[in-house]
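Undergrad: I would like the atomic coordinates for the input below:
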Amino acid sequence: VIVLEYLNQSYQVTFPNVDITLVDSQEEVPIRDKVLILHYLTLAKGTPIANKMITFKELPEGANYFPTFSKRTIEPLLDHFGKEPHRLVDAAGKLGGYKVDYGDVAVTINAFSHVPITLVLWRGDEEFAPAGSIIFDATISDYLSTEDITVLCETVTWKLVKSLKEILPD
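TA: As a prediction, this is how the structure comes out:
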């Protein structure tokens, strides 16, 4: 049995049948979360965090895949938080996110051990539309593939949107 943290929740991985469950919950674990957890366990090298931030384009094949990454992650983030970026901090709390100093508003969420992701927003004005970015510690490829990083960021984005809807009054 392995217990690990993923997006501020404890998961238990049981062998040999490889069952993944939430600790202290009967809630079903979505298949994409199960796949990410298994890929993390398979690939994780234990590399210490470098404290050097990189963009998605700096990942292996990231530049080629960036338009898809942006459509699946940054665009929905801007659609839901672009007009009121400060709400990102409140929404990130449920995922264990905390405010950091990038852009106008930014949060870091420790997706897995040694896998922080930082979501950065810039407010728009009369001249410029709101903008966003997601940045990573330079060691992230020692834990997840570029495709898995995309799936993780997409998962985080939609969990943030769900969290926002739960904290906003109707």
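Undergrad: ok, now how distant is the residue lying closest to I167 once chain neighbours are set aside from Q26?
TA: Spatial nearest neighbour of I167, chain neighbours left out: D90 (5.7 Å); criterion: CB to CB, 6 or more residues apart in numbering. C-beta here means a position set from N, CA and C on the backbone, and glycine is covered the same way. Distance of D90 to Q26, given as CB to CB, to the nearest Å: 28 Å.
Undergrad: For the residue nearest to I167, what are phi and psi?
TA: Phi and psi for D90, reported as degrees, to the nearest 10, are phi -60, psi -50.
Undergrad: How about the contacts made by it?
TA: S163, L164, I167 (CB atoms under 8 Å, 6 or more residues apart in numbering).
Undergrad: One more pass at 10 Å, please.
TA: For D90, the residues meeting the contact criterion (CB atoms under 10 Å, 6 or more residues apart in numbering) are E84, G97, V107, L160, S163, L164, I167, L168.
Undergrad: so the third one touches K94, yeah?
TA: It refers to V107. No - using CB atoms under 10 Å, V107 makes no contact with K94, being 11.3 Å away.
Undergrad: Kind regards, and thank you for your time.
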